[in-house]
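S.K.: I would like the atomic coordinates for the input below:
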Amino acid sequence: AAGHPVLIDFTADWCGSCKFTKAAAIEVKSVVEKLAEIGGVAFLADWTNKDAGITQALHDHGRGAVPLVLVYPPKGEAIILPPVMKNPEKVLEALDKAGKLSP
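M.R.: Next comes the predicted model:
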């Protein structure tokens, strides 16, 4: 609502794929720098205890469980990223696109 691109990482403590993607493609220097460059904000949706609100958000995006990574431009639909990523390429592409759609 404040006009910033947003990255949401839907994850859980028990999810190995989530941990792999976080280490390889999300919590890396290039993504942190890109978020800062575009004025983006990152959120963590922790589904460790299967929160009902997060469950609904997963279902809204066609997923029955984690992992799920979304990038929202300030206006428009979410960019849904692959469930497992071995490098930050797709995250950076989505953030770049979302940043270009910022006011």
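
S.K.: CA only for contacts and neighbour counts going forward, please
M.R.: Noted.

S.K.: Give me the distance from stretch 86-97 to the chain's centre.
M.R.: In this view, stretch 86-97 has its centroid 10 Å away from the chain centroid, taken as Cα atoms, centre = their mean, to the nearest Å.

S.K.: mind listing what's buried in that stretch?
M.R.: Asn87, Pro88, Lys90, Val91, Leu92, Ala94, Leu95, Asp96, Lys97 (16 or more other Cα atoms under 10 Å).

S.K.: what about the longest helix in the protein?
M.R.: Taking DSSP state H as the criterion, the chain has its longest helix at helix 89-100.

S.K.: Could you tell me the average pLDDT over that helix, please?
M.R.: In this model, helix 89-100 has an average pLDDT of 95.

S.K.: got the contact list for it?
M.R.: Helix 89-100 is contacted from outside by 5, 7, 25-26, 30-31, 34-35, 38-40, 71-74, 79, 81, using Cα atoms under 8 Å, 6 or more residues apart in numbering.

S.K.: ok, now how distant is Lys50 from Ala65?
M.R.: Distance, Lys50 to Ala65, by Cα to Cα, to the nearest Å: 9 Å.
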